[in-house]
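Participant: Sequence first, predicted model second:
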Amino acid sequence: MRDVKRYLYSLSRVMTASVICLLVTACANIGSPDGGWYDERPPQIVKATPAEGAINVNTKKIRIDFNEFINIENVTEKVVVSPPQKEAPEIKATRKSVKIELVDSLIPNTTYTIDFSDAIFDNNENNPLGNYTYSFSTGDVIDSLEVSGTVLDAQTLTPVQGILVGLHNDLSDTAFTKKPLVRVARTNEEGKFIVRGIAPGKYKAYALKDMDGDYAFSQKGEMIAFSDREIVPTSKPDVRQDTTWIDSLHIKSIESVPYTHFLPDDIVLLAFTEEQTERHFLKSSREDERKIEVFFSYGSDSLPEIQGLDFDSSDAFIVEASEHKDTIVYWIKDTTLVNRDTLTLQMRYLDTDTTGQLVSRTDTLEVLPKTSYEKRMKKKAEEYEKWFKQQEKKKKKEEPYDSIMPVTPLEIKTENLGKKDPDTDIRLIFPTPLDSVKTEGIHLYCKIDTQWYNAPFMLEKSKTQFRTYEIIADWQPGLDYSFECDSAAFVDIYGLCSPAIREGIKVNALDEYSSLIIKLQNAPENLIVYLLDKSGKVVKSAKAKNNLAEFYYLKGGSYFVSALEDTNGNGKWDTGLYEEHRNAENVFFMNKPIECKEKWDVTETWNVRGTEITLQRPKDMKSSQKSSSKSSSKKTVQKGRNLKRAAELGIEYDPEKDGI
């Protein structure tokens, strides 16, 4: 009996050790640093039902099996079914399978493609399957032609990610607005796309940020791109060089591999969003009791007609209207009206009706200030009480004190005082409209050697900003100036007076600057050239004259160069309009930065149209454009871990032999 117990005890120890070994081995297989190799291979397709490339398919249920557990992410963002589906298909991952169920009826004699992009990845190490597309046909032929290209933002030439790209075999311009696209794909993070499963024929290509899921341009807010280029998909046998990498730095082999080259593969679509042209009244506001603001969705050639219903509005306002007259500010001149909590007025304006025509509408508005008159008076009383107590304390201490509370002066915001560039002017910005300006109380002095002299200047109202004045002078590099204003030189419509101003100005010397002359080749007419910083912000601009763009007083540093073909001469980039079959105005980039150094005069030659448009925007110039697709939820796959581990262990690693 004792021998039996001994035997059972020994057996249990052996079994326990075996279990532990099995657990350690299992852990090693899933990528343990102390076990086997990491899994660096994407999931492999074992079987598809119906089979990949099957014909005469009549089922709407599809199953794709893999050799390991898998996940799928961002189905609505990444997976595209073509022909486009009105009802979204049901796509889900279950253990080692992806299951798809199409909801729409199958179209006879049609090739279907399901483009998964990189949505499928393994459950173990998040290795993505890559650009995988599954296809089948409801007829007895699989359409296998492809076209590819890039979608760029028309204004910035940055890639547009996640936008639909589609083809129409109806070549009329109305097809894009009346019919759904016949074949679709979606762009990746580089703005690139491949439309697959195309039948022979003639097509036009479009891009669409589809907001309502109808696969047609039906809303002005949808970003679009179109081209007049007629596309005839073809293919030819070709050879490419395939490189096999050991890691990111070491090449294993380079082989010539035959493949089918699908054409065209150079389609470029420039995407834009049309300007909102429908005019509707949005809201009125009286955040500041002194002004009424009225907002419209779009501008008009005429201002609204305002009539006071409980006050005389014949000379009640000073009006400030934005460039397109879509935002109008009515400054209330009479302080009696300012102090009223409710003003009732009637506004007649132009509004877009359901047929797209401008018609006259009339609304009655009751505008109330954000803070009531009672609360404003209470706040003033509190401020007076605080000031009065301070003066009483000074009086008791026999210190100088005031018997009358001083009036708050008119605030003036100044720009370009202190150190300034020779080509900038002084700017004076006021919070309220002015009633009077005493030019005799404004002075500018220039210091030459040790003596101060009157410097000639002009005081001009800004043409682009309200309540802004500019002191324009011939600013000489390296000289000192003094800008001085007498008190009450500026008085606003409420009687507030500006305080006295005395500010020194130092104009930077010439040896602190560089100059740049760009010689333009192959340039269109009406070209505006811009110098940009690394973030894409405009530093300076110049209109091209005689194929030259000249920039002076540049700080040392790197600059990027872009240009606008200003076809309508309004000085700004204009978007396109599909109704008129008009694309956005052309934008160009020099694909390298220009280095400017202080005390240097730099000359550069730029062939404006000499670089392919997809390669123009410099890669190291940042873009503020946000990605249109959701960021991936899975962690980043770490490549090359097996090679690193092999080096640490002093052994060789063969990805084909040892990889998992």
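Facilitator: Yep, that arrived.

Participant: which stretches of this protein form helices?
Facilitator: 2-29, 75-78, 175-178, 335-338, 373-396, 641-649, 655-658 (DSSP state H).

Participant: rank the ones you listed by pLDDT, which is bottom?
Facilitator: Of all the helices of the chain, the minimum mean pLDDT falls on helix 2-29 (a mean of 46).

Participant: Report the beta-bridge partners for the closest residue to residue 564 other than its chain neighbours.
Facilitator: In this structure, residue 564 finds its nearest non-sequential neighbour in residue 528, 4.7 Å apart by Cβ to Cβ, 6 or more residues apart in numbering. In short, each C-beta sits where N, CA and C put it, glycine included. Under the criterion DSSP bridges, residue 528 forms beta bridges with residue 543, residue 564.

Participant: May I ask you to confirm that residue 528 is in contact with residue 540?
Facilitator: No - Residue 528 is not in contact with residue 540 according to Cβ atoms under 8 Å; the separation is 11.1 Å.

Participant: can you count the residues close to residue 285?
Facilitator: Residue 285 has 16 neighbours, counted by other Cβ atoms under 10 Å.

Participant: Which residues are in contact with it?
Facilitator: 292, 293, 294, 295, 367 (Cβ atoms under 8 Å, 6 or more residues apart in numbering).

Participant: What's the separation between it and residue 278?
Facilitator: Between residue 285 and residue 278 the computed distance is 21 Å (Cβ to Cβ, to the nearest Å).

Participant: before we move on, the earlier item: which of the contacts of residue 285 are buried?
Facilitator: Neighbour-count burial (16 or more other Cβ atoms under 10 Å) applied to the contacts of residue 285 gives 292, 293, 294, 367.

Participant: coming back round to it: what score does the residue nearest to residue 564 have for pLDDT?
Facilitator: 98.

Participant: Tell me where this protein is predicted with low confidence.
Facilitator: Counting by pLDDT under 70, the chain has low-confidence residues at 1-40, 246-249, 623-660.

Participant: what's in contact with stretch 557-572?
Facilitator: Looking at what lies outside stretch 557-572 - Cβ under 8 Å, 6+ apart - the contacts are 516, 518, 523-534, 536, 539, 544, 549, 573-574, 585-590, 593-596, 604, 606, 608, 618, 621.

Participant: repeat for stretch 493-501
Facilitator: Here stretch 493-501 has contacts from 290, 318, 331, 333, 335, 338, 407-410, 412, 414, 432-435, 483-491, using Cβ under 8 Å, 6+ apart.

Participant: Show me which positions of that stretch end up buried.
Facilitator: Quick answer for stretch 493-501 (16+ other Cβ under 10 Å): 493, 494, 496, 498, 501.

Participant: Isn't residue 340 up against residue 374?
Facilitator: No - using Cβ under 8 Å as the test, residue 340 is too far from residue 374 to be in contact (12.0 Å).

Participant: In terms of neighbours, single out the busier of the two.
Facilitator: More crowded of residue 340 and residue 374, by other Cβ under 10 Å: residue 340, with 18 against 9.

Participant: what sits against that one?
Facilitator: 311, 373.

Participant: Give me the phi and psi for it.
Facilitator: Residue 340 adopts backbone torsions of phi -80, psi 140, taken as degrees, to the nearest 10.

Participant: now it: how far from residue 279?
Facilitator: Distance of residue 340 to residue 279, computed by Cβ to Cβ: 30 Å.
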